[in-house]
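In: Give me coordinates for this.
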Amino acid sequence: MPFIDVKLFDHRVTEESVPKMIEALTNALHESSGAAKEHIQVVVQGVSPTHWGQGGKPSG
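Out: Numbers count the residues shown, from 1 in each chain. Next comes the predicted model:
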């Protein structure tokens, strides 16, 4: 079963954005891999910018 794990800054994870992301990511993986949509799982998680780092430094 294909599994997509998405982590974004928490301000991007909203009641409006999550269903759109799940649908778009599911469709993209289905179209590119041929995996059945009903087998694709997507998890969208919000992370505080203070808990995210890039280049060895915190983002927030």
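In: wait, Ile22 sits on Lys37?
Out: No. Here Ile22 does not reach Lys37: they are 10.8 Å apart, not a contact under Cβ atoms under 8 Å. Bear in mind the C-beta positions are built from the backbone N, C-alpha and C, glycine included.
In: And those two? Which one has more around it.
Out: Ile22 (17 against 12; other Cβ atoms under 10 Å).
In: so who does the more buried one touch?
Out: 42, 44 (Cβ atoms under 8 Å, 6 or more residues apart in numbering).
In: Quick check: mean pLDDT of the helix or strand hosting it?
Out: Using DSSP states H and E, Ile22 sits in helix 17-33. Mean pLDDT, computed over helix 17-33, is 98.
In: now swap in stretch 50-60 and tell me
Out: The model assigns stretch 50-60 a mean pLDDT of 90.
In: how many neighbours does Met21 have?
Out: 17.
In: ok, it to Ala36 distance?
Out: 19 Å (Cβ to Cβ, to the nearest Å).
In: Show the subsequent helix or strand relative to the helix holding Ile22.
Out: With DSSP H and E setting the assignment, the helix or strand that follows helix 17-33 is strand 41-47.
In: Show me what that next one pairs with in its sheet, parallel or antiparallel.
Out: strand 3-9 (parallel) (DSSP bridges).
In: Is Asn4 in contact with Gln41, as I believe?
Out: Quick fix: residue 4 is Ile, not Asn. Yes. Counting by Cβ under 8 Å, Gln41 is a contact partner of Ile4 at 7.1 Å.
In: Looking at those two, which is more packed in?
Out: Between Ile4 and Gln41, Ile4 has the larger neighbour count (other Cβ under 10 Å), namely 15 against 12.
In: Spit out the contact partners of the more buried one.
Out: Contacts of Ile4 (Cβ under 8 Å, 6+ apart): 25-26, 29, 40-43.
In: go with 7 Å
Out: Ile4 makes contacts with 25, 29, 42, as judged by Cβ atoms under 7 Å, 6 or more residues apart in numbering.
In: so who does Gly53 touch?
Out: Here Gly53 is in contact with Ser59 (criterion: Cβ under 7 Å, 6+ apart).
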